[in-house]
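**Q** dropping the sequence and predicted coords here.
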2 protein chains.
Amino acid sequence: MKFDDLLELGDIVDIRYPAKGFIVIKPYGMLAIKNLYRLFERELEIDGHEPVHFPAVIPERNLRLEEEHFKGFEGEVFWITRAGLNELEERYVLRPTSETAIYPMYALWIKSYRDLPVKYYLSGTVWRYETKSTRPLIRGREFLWIETHDAFRNESEARSQISRDLEISKRVIRDRLKLDFIMVKRPSWDRFAGAVDTYAVDTLLPDGKVLQIATTHYLGENFARVFNVKYMDDTETERYVHQTCFGIGINRILAATIYNHADETGLRLPSSIAPYQAVIVPIHPVSDMYVDRVTEIYSKYRLKVDRREGITPGNKFYYWDKRGVPIKIIVGKREEENSTITISTRSGIKETIPLGEDLDKYFEYYDDNIKQTLKIYDAKDLEDLKKILDAGGIARAPFCSVEKEGEECYRVIKERFKAEIRGVRIDVDEKPEGKCIVSGRKAEYVVYIAKQY
Amino acid sequence: MKFDDLLELGDIVDIRYPAKGFIVIKPYGMLAIKNLYRLFERELEIDGHEPVHFPAVIPERNLRLEEEHFKGFEGEVFWITRAGLNELEERYVLRPTSETAIYPMYALWIKSYRDLPVKYYLSGTVWRYETKSTRPLIRGREFLWIETHDAFRNESEARSQISRDLEISKRVIRDRLKLDFIMVKRPSWDRFAGAVDTYAVDTLLPDGKVLQIATTHYLGENFARVFNVKYMDDTETERYVHQTCFGIGINRILAATIYNHADETGLRLPSSIAPYQAVIVPIHPVSDMYVDRVTEIYSKYRLKVDRREGITPGNKFYYWDKRGVPIKIIVGKREEENSTITISTRSGIKETIPLGEDLDKYFEYYDDNIKQTLKIYDAKDLEDLKKILDAGGIARAPFCSVEKEGEECYRVIKERFKAEIRGVRIDVDEKPEGKCIVSGRKAEYVVYIAKQY
């Protein structure tokens, strides 16, 4: 099913808000988003992160301090130039990301090695004046995300955080949301503005384009030097902190979850974020008392009781199936008489079980059933590459270089296939065989190539 | 203790962010705020509200539609006039409140009486270019709040929501946060821009000024007519919806909680929002195993284990007392040998109890102990009023009118005492005795008078 149709079917967003690229997220979408936030925040907190709030506005001066960063964002920031009836003395930007808001404060907070590491997260909104065509949840001028900002004593501590960030992605995105992805180090020409290295989590959407849903950047000392974030180490030497930041694209992850798991009927939401994990459908003439008892007994799950009148049970089932509710709990007279419930999962299992029996295994079965697997194929030459991209897959190919020297070959891919070099896998160690798919030079890397959003 | 000192002592905010009126909320403050959000959101959801997301920007055209509303806010909005390198065709404001963002969408969503009521809430940020002097958490140019926006078939349904909004305030603010307040209907000269009636929750801060921490507005059909929010009733007649909106000042409620409950040592946070409800302090030579067991057994509470080395237990107690942690759990060798723990509450109880014994009663005792009671005194004449205001209290006084006819008397109060008529109590039915405290005319109302933030 088409992505936009799924958003409509599931009543996820409304795109008619009268400001281009800004959308309204409706309750069913927002409940899923709240669950998504909780999944990530819990993992981040277990990993030692704490929440902070930073202003939505960044003074122009601060944004300009890191030059490369400013150049990277100046074309896509919203400017606040007036307030009330006056021109502002100093203009603000609406934050497109928060490095330049946060790091001046880190300079005030971090003094000694004892203050490190600092691991904070912000759950919130950022704004970017996207000039490419916008798509709801996928590319907007306002989007919901989480950004962590961590500071460490040295490079090795910082780099080990990157691994942990990516582990967190695995635990939520793969294990809970059942989305498949690759973790890659981006080529040098595709780094975050101001970063030493950029690592990304890419998933594939059913239309054959990859979507970046999370990134971690190793910032080295780049921002620390500009914002003067220094600490005294245990030998009384002043050092710059080493920083990382991890951006988790909440809107995009919801988009990928909806789009990838859907079938011809409609949404299939993973039980970890489904607004309602189960819907109870009472069948006349079951007693209210029994329905209440069922609701009470299964109250550890997120439940909805569909008591709407004038709608047949069949239509209710169809309604909730379209919206991707994992399990329907059917309670009729027969169930009441036998103290049972009938479980019908979105994936087709139907069973009558004793009231009180745990439902976990049904959720597991349902979740396993919607699991996505990426379509990745080997490309030995450009002909292979074309076939794979045309079929909507990700190509794995030998490539000369992901540093500056490889940029020429990248341009060929970009121009001829409108595709991107996503980068080199970091969760799997891969040795290239043969020659660079473009130049025929010795291949030093195995890269992933795909069309992107 | 002074409010600003408490914020510093508790490490709640940092006011050094380089944009006037914008603050950073630090982890300890943000954890409390997250708990505060959850308390209110849970109550709102039980009352049938669902979460939505609306953009932070409102097109100028929309904001201008309701004239009185625009006039009320035009002096205090931030204007976004540029994006990237271009001037915007239509300017946006950063939302100062969301009526004009939301109601155009309600016009699209609401068609029939079957669609009503609509009860949605937004948890988020608003921005107002405050020209009065700003104070952290109390008056800022950016603040965190919740706003509900409800639409009903008629006035009586809408007005009954107002009572429910105020019940929700009671359940959270009085029962969980232990803050005392009055609920008043604001005088006609002090209504929300565009509202028919404004109802407010006012609490008193230790410096003798009242602080408005929540408001509910009955909007009547005012916005519905402007934004064309109509529905077909069951007789096929088109009608305008009746609307209410409820603003819950999260930052201000945190401020009032911190400021009111503090004592000479420092913060005393209610257990409902304390980032850590209990801190476990291991006393050498207790085993790690026993500390872990205690942590596990009390895991239903928000716990922190203070394993810091080189700090004496006494200093740890003092540290957590300053930060307002309700309970300290002391585990030493003796506790380990006897399978006990020693409870020491912030309010002075110290008891050794069997490991596993529930702590709820200690939290209850602690919470009851910090309970605030408003200082309200009767004022029979202006001399009384002066004394009460000087002593930092709220005066209850007979008053001629809270409609237009009383405005003259209000001006006297305002000019002579720099105080405000907060309004007429709605949670208690009060009959005035005697004459208007200012004019000597017949008193029609009992009003509350106080200095305000």
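**A** Happy to help now that I have it. The shown structure was predicted, so the numbers you read here are calculated from the model rather than taken from an experiment. Numbering: from 1, shown residues only, chains lettered A, B, ... in the order given.

**Q** what about the helices in the stretch 251-400 of chain A?
**A** A:288-297, A:313-322, A:333-338, A:360-369, A:382-390 (DSSP state H, counting those that start in this stretch).

**Q** tell me which of these lies nearest to B:Leu211.
**A** helix A:288-297 (40.3 Å; CB to CB). (C-beta placed from N, C-alpha, C; glycine too.)

**Q** need the residues that contact the closest one.
**A** A:280, A:282, A:303, A:305, A:307, A:329, A:331, A:335-336, A:341, A:355-356 (CB atoms under 8 Å, 6 or more residues apart in numbering or on different chains).

**Q** buried ones among those residues?
**A** Taking 16 or more other CB atoms under 10 Å in any protein chain shown as the criterion, what is buried in those is A:280, A:282, A:303, A:305, A:329, A:331, A:335-336, A:341, A:355.

**Q** which one of the residues you listed sits closest to A:Gly247?
**A** A:Leu303 (33.5 Å).

**Q** so who does that closest one touch?
**A** A:Leu303 touches A:276-280, A:295, A:329, counting by CB under 8 Å, 6+ apart.

**Q** now, those residues that are in strands?
**A** A:278-280, A:329 (DSSP state E).

**Q** next one: the helix-or-strand element of chain A with minimal mean pLDDT to chain centre, how far?
**A** Least confident helix or strand of chain A, by mean pLDDT, DSSP states H and E, is helix A:67-74 with a mean of 90. Centroid separation for helix A:67-74 versus its chain: 24 Å, with CA atoms, centre = their mean, to the nearest Å.

**Q** helices or strands up against the helix or strand just after that helix?
**A** For helix A:67-74, the succeeding helix or strand toward the C-terminus, using DSSP states H and E, is strand A:78-83. If contacts are counted by 3 or more CB pairs under 8 Å, 6 or more residues apart in numbering or on different chains; DSSP states H and E, strand A:78-83 sits against strand A:86-94, strand B:78-83.

**Q** tell me the most buried of these?
**A** strand B:78-83 (a mean of 22; mean count of other CB atoms under 10 Å in any protein chain shown).

**Q** that strand vs strand B:86-94, what angle?
**A** 160 degrees (axes from the mean of the first three to the mean of the last three CA atoms, to 10 degrees).

**Q** and strand B:78-83, which strands flank it?
**A** Using DSSP bridges, the strands paired with strand B:78-83 are strand A:78-83 (antiparallel), strand B:86-94 (antiparallel).

**Q** tabulate those strands (JSON lines), appending distance to A:Thr198.
**A** Listed next are the strands paired with strand B:78-83 as JSON lines, based on distance: least, CB to CB, whole Å:
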{"stretch": "strand A:78-83", "distance to A:Thr198": "24"}
{"stretch": "strand B:86-94", "distance to A:Thr198": "28"}
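
**Q** for B:Ser133, find the nearest of the ones you listed.
**A** Once these are compared by CB to CB, strand A:78-83 is nearest, at 15.6 Å.

**Q** send me that closest one as PDB with only the CA atoms.
**A** The C-alpha trace of strand A:78-83 is given here as PDB (Å, rounded to 0.1, in the frame of the first residue of the first chain):
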ATOM      1  CA  PHE A  78      14.400  29.700  10.200                       C
ATOM      2  CA  TRP A  79      15.300  33.200  11.400                       C
ATOM      3  CA  ILE A  80      13.500  35.000  14.200                       C
ATOM      4  CA  THR A  81      14.200  38.600  13.500                       C
ATOM      5  CA  ARG A  82      11.300  40.400  15.400                       C
ATOM      6  CA  ALA A  83       9.600  40.200  18.700                       C
END
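
**Q** sweet, I'm off.
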